[in-house]
Each structure stands twice: as C-alpha cells, then as structure tokens.
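Enquirer: Sequence first, then the predicted structure:
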Amino acid sequence: MKIKKGDNVQVIAGKDKGKTGKVLKAMPRDNAIIVEGLNMKKKHQRSRQQGQKGQIIQFSAPINASNVMILVDGKPVRVGAKIVGDKKVRVSKKTGKAI
C-alpha cells in the first residue's frame, strides 16, 4: 500500500468523491485507510450505567485505499517507487518528484 499516515488524500470514488482530508490511520492488511472527517458513520451506544442516557457517536469509517489518490501540491497524483541510495522512496508518477 502506497498511502501512509499523515498523507493528504482526495477521494476519487464513492459518496465522498472530490473531498480531501488527512489520513489518520492506515491498515495495509485490509488495504484500507481512515481519513479525517470523511465516510462518517453513526453508532448508537447503550447507556453504561442506570439513569445515564444512551448516545449516538459519529466516527470516520475505513475507505478502501484504491478509492483515494495522494495530493502533491494540491493535485492528485499516482504514486510509484524509486530506489535512491539504499532507500526506497515514493515518487509522483506525474512529476517524478519525491513525496
């Protein structure tokens, strides 16, 4: 997976298409990411103690990593890899610049 925590991404498919946000969590095993403020879901939670009210919690649900593109200089780009010295570096396919 070429997307990491802290990257700015743009959604290219789904109900939030066109929206941008910061990656809060990357889950490579599931090929999914959680983006701040996108793909919001509601969860109804029961009261934990007697006399206390239940509540509705809003949270960001995971999005498949194939439905987002990394933003470089405000534009979505495809990501490739290049070996520089003895390190593997992510690069923009459009400009060849390191991300």
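Expert: Yes, it's here. Bear in mind that the values here come from a model prediction, so they are computed numbers and not experimental data.
Enquirer: tell me the contacts of Ile33?
Expert: For Ile33, the contact set (Cβ atoms under 8 Å, 6 or more residues apart in numbering) comprises Ile3, Val9, Val23, Lys25, Ala26, Met27, Pro62, Ile63, Ala65, Val68. Backbone N, C-alpha and C define where each C-beta goes, glycine included.
Enquirer: Let me see the contact set for Ala65.
Expert: Residues in contact with Ala65, defined by Cβ under 8 Å, 6+ apart, are Met1, Lys2, Ile3, Ala26, Asn31, Ala32, Ile33.
Enquirer: Swap in 10 Å and give it another go.
Expert: Ala65 sits next to Met1, Lys2, Ile3, Val9, Val23, Ala26, Met27, Pro28, Asp30, Asn31, Ala32, Ile33 when contact means Cβ atoms under 10 Å, 6 or more residues apart in numbering.
Enquirer: Could you pull out the strands in this protein for me?
Expert: In the chain, the strands defined using DSSP state E lie at 8-11, 20-27, 32-35, 40-45, 55-60, 63-64, 68-72, 75-77, 79-84, 87-92.
Enquirer: So which of the ones you listed is the most surrounded?
Expert: Most buried of those by mean neighbour count (mean count of other Cβ atoms under 10 Å) is strand 32-35; its value is a mean of 22.
Enquirer: so Ile83 touches Val89, yeah?
Expert: Yes - counting by Cβ atoms under 10 Å, Ile83 touches Val89, with 7.4 Å between them.
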